[in-house]
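**Q** I'll drop the sequence and a predicted model, then ask my questions.
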Amino acid sequence: MRLSIFIFFSFLSLTGFSQLPDSVVYEAEMQMALSNQPYLSQWVIANRYGKLNDNQADGYLQAGFYAPYTNDTTSFKVSFGFDYLVKPDFNESRIQQAFVKAKFHALELAAGQYERTVGVHNADLSTGSLALSRNARPMPVVAIGFPEYTAVPLTKGYVKFKGHLLHGWFEEDRYVDSPYLHEKSFYLQVGATYWPVKVSAGLVHFAQWGGTQPNGQEIGDGFDDFMRIFLGQSAADESGGGEFVNALGNHLGIIDLGINLTIKDYQIHIYQQDPFEDKLGLTRAHIIYDQLLGINVKNEKFVYVNEFLYEYINTKHQGGPGIPDPRPGDDSNDLSLNYGYRYGGRDDYYNNYLYQNGWTYHQRILGNSLLLSRERALRFMENIPDFEYSEASANNRIIAHHIGFKGEISHRIKYRLLSSYTHNFGTYAGLNDGRFSWASREPGYENYIYAFKSSKYQCYTLLEGEFIFNTSVPLSALTSFGYDFGDLYHNLSVMLGIRFMGSISKEDI
């Protein structure tokens with residue numbers, strides 16, 4: 001929290017108050033959730049930036065303001081925002097956002113903590129990006145980049161690019177204390193503004209690096225280490241073994257592909273995210289294996305349903321069931337020792353041997369929340385092995401089908417509907433009593449106890465509504481009903497709230 005406040009006010013002072021935007025949007029929202037189980041249903045708690053705790057009852061009061069960029073043609077613009085989250089246990093109250101952004105032409109510099117997601121998808125209706133979704137609270141960062149597609153010189157606007165470079169800070173209370181986040185992306189889009197078809201392709205790379213291990217050993221965080229992280233190289237000192245030899249830090253990311261179609265009043269977006277956890281995962285073709293594939297159709301003229309989304313998610317393969325590396329003394333060319341499978345499998349999405357809290361922030365999955373976190377799984381399941389490298393996700397091998405709708409019943413009633421059907425396989429490590437073990441092929445496996453030894457089916461649903469009391473008064477009532485059912489659990493959650501929202505312009509002051 002102190003780091004966020006320092007970044008916020010330091011950067012705000014550097015940008016200069018003379019460049020403040022023309023208007024400020026203010027908002028206050030209160031929500032209370034209640035469930036018939038000791039935990040909330042999936043889409044009531046997930047993808048809300050960590051505002052709700054996974055308890056039988058929880059809520060929050062959030063209030064703040066946001067000053068957007070002006071719409072004029074000035075070359076230098078400033079935007080900033082701040083909001084505070086008050087929890088029933090006031091000790092859990094915190095700053096949710098505190099940020100400043102400055103834009104010079106198309107180049108943007110941002111600092112603070114702010115709600116964001118990475119990946120080309122519809123965040124309101126999606127299950128969430130495989131890279132960075134809206135599932136966890138925002139972390140403090142500094143970033144520079146081109147957030148919107150910008151024309152490549154000499155291409156007459158037919159080729160555009162966007163991308164960013166970011167440095168962030170994870171929390172202190174982790175297995176590896178206070179590691180850093182390295183993040184970068186680069187996208188290209190082909191297609192003029194007036195073209196009905198635009199094609200885009202991007203690469204997003206994350207790395208957790210630095211920090212202090214439980215034994216007090218510092219993990220390299222100098223400039224040389226940063227360059228190795230940037231390039232995905234192994235550590236200069238490989239004496240630590242494991243992740244130090246493979247690649248310094250915990251690396252992951254997505255290959256992000258998209259097609260945008262405009263057909264009369266329809267806007268159609270088709271997208272695919274291919275995840276990777278290592279160099280081998282980045283280089284091999286994933287298109288027939290692990291992916292998030294989605295289609296989003298939007299037509300503002302259709303009142304009752306003006307947006308529809310379908311997503312298919314498959315993370316079951318993960319490079320195959322073969323163990324990651326040969327055992328000491330084994331011949332890497334003798335695949336019979338790996339039951340015929342190639343080495344380099346079991347990517348174990350979101351988990352990591354060295355950074356044992358994995359791809360989480362304050363115990364929430366940073367990526368797609370359908371890859372069930374260990375913390376949440378333990379609320380309704382038993383017999384989940386406690387491996388030293390599986391603190392993040394207890395169920396990262398899934399096949400899922402998801403649909404989302406969004407629209408208006410009238411000009412005062414809006415709704416959102418989500419429904420997800422999932423087939424859950426746990427993890428390779430869980431099935432084999434270890435990531436480098438083959439318990440599933442050994443005698444006596446019939447007596448091995450594991451929650452996902454037999455795969456589990458589960459459905460998650462959400463119906464969310466907003467009732468605007470009066471179009472001239474910025475006050476609305478909020479309702480959410482989430483019902484989950486299947487092999488994992490049955491649960492009904494209800495959330496009620498109220499939102500007040502308005503804006504102040506320079507002319508009003």
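**A** That came through fine. Computed from a predicted model, the values in this text were never measured in an experiment. Numbers count the residues shown, from 1 in each chain.

**Q** per-residue confidence at the residue nearest to Q272 when sequence neighbours are not counted?
**A** The spatial neighbour of Q272 that comes closest, neighbours along the chain excluded (Cβ to Cβ, 6 or more residues apart in numbering), is L257 at 4.6 Å. Heads up, the C-betas are built off the backbone N, CA and C, glycines and all. pLDDT for L257: 96.

**Q** same thing with G242?
**A** 46.

**Q** assess the claim that A57 and S35 are in contact.
**A** Yes - contact criterion Cβ atoms under 8 Å: A57 and S35 qualify, at 7.2 Å.

**Q** neighbour-wise, which of those two wins?
**A** The neighbour comparison of A57 against S35 (other Cβ atoms under 10 Å) goes to S35, with 22 against 13.

**Q** so what's that one up against?
**A** Contacts for S35 (Cβ atoms under 8 Å, 6 or more residues apart in numbering) come out as S41, V44, Q56, A57, N491, L492, S493, V494.

**Q** by neighbour count, which of the residues you listed wins?
**A** Ranking these using other Cβ under 10 Å puts V44 first, with 29 neighbours.

**Q** distance of the closest residue to S41 other than its chain neighbours relative to H317?
**A** Nearest residue to S41 in three dimensions, chain neighbours excluded: G482, at 3.4 Å (Cβ to Cβ, 6+ apart). Noted for G482: a distance of 30 Å to H317, by Cβ to Cβ, to the nearest Å.

**Q** more neighbours: which of the two?
**A** When neighbours are counted by other Cβ under 10 Å, G482 and H317 differ, and G482 comes out ahead with 24 against 15.

**Q** quick one: the more buried one is in a strand?
**A** Yes - counting by DSSP: H, G, I helix; E, B strand; the rest coil, G482 is part of a strand.

**Q** any idea how far A28 is from it?
**A** Between G482 and A28 the computed distance is 23 Å (Cβ to Cβ).

**Q** same thing with F104?
**A** For F104 relative to A28 (Cβ to Cβ), the value is 33 Å.

**Q** was I right about V176 contacting Y353?
**A** No - using Cβ under 8 Å, V176 is not in contact with Y353, being 11.0 Å away.

**Q** who has more neighbours out of these two?
**A** Between V176 and Y353, counted using other Cβ under 10 Å, the more crowded position is V176 (21 against 18).

**Q** quick check: closest non-adjacent residue to the more buried one.
**A** Leaving aside its sequence neighbours, V176 sits nearest to G211 (Cβ to Cβ, 6+ apart; 4.1 Å).

**Q** what score does V245 have for pLDDT?
**A** In this model, V245 carries a pLDDT of 44.

**Q** that older thread, then the residue nearest to Q272 would be within a strand, right?
**A** Yes - using three-state DSSP, the assignment for L257 is a strand.

**Q** quick one: low-confidence parts of the chain?
**A** Scanning the chain for pLDDT under 70 picks out 1-20, 234-247, 279-288, 388, 506-509.

**Q** can you give me the helices in it?
**A** In the chain, the helices defined using DSSP state H lie at 2-15, 42-45, 223-231, 243-246, 279-283, 374-377, 428-432.

**Q** other SSEs contacting the third one?
**A** In this structure, helix 223-231 makes packing contacts with strand 180-190, strand 197-209, judged by 3 or more Cβ pairs under 8 Å, 6 or more residues apart in numbering; DSSP states H and E.

**Q** could these be laid out in JSON lines, adding mean neighbour count and distance to Y361?
**A** Shown next, in JSON lines, are the helices and strands packed on helix 223-231 (neighbours: other Cβ atoms under 10 Å; distance: least, Cβ to Cβ, whole Å):
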{"stretch": "strand 180-190", "mean neighbour count": "19", "distance to Y361": "9"}
{"stretch": "strand 197-209", "mean neighbour count": "20", "distance to Y361": "10"}
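
**Q** got these as CSV, with distance to A136 columns?
**A** Supplementary listing: those in CSV, determined by distance: least, Cβ to Cβ, whole Å:
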stretch, distance to A136
strand 180-190, 12
strand 197-209, 13
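
**Q** relative to Y149, which of these is closest?
**A** Closest approach to Y149 among the helices and strands packed on helix 223-231 is made by strand 180-190 (5.2 Å; Cβ to Cβ).

**Q** what helices or strands is the closest one leaning on?
**A** For strand 180-190, the packing partners by 3+ Cβ pairs under 8 Å, 6+ apart are strand 141-151, strand 159-169, strand 197-209, helix 223-231.

**Q** parallel or antiparallel, which strands does it pair with?
**A** If you go by DSSP bridges, strand 180-190 pairs up with strand 159-169 (antiparallel), strand 197-209 (antiparallel).

**Q** re earlier: I'd say the residue nearest to S41 and S420 touch.
**A** No - the criterion here is Cβ under 8 Å, and G482 misses it with S420 at 11.0 Å.
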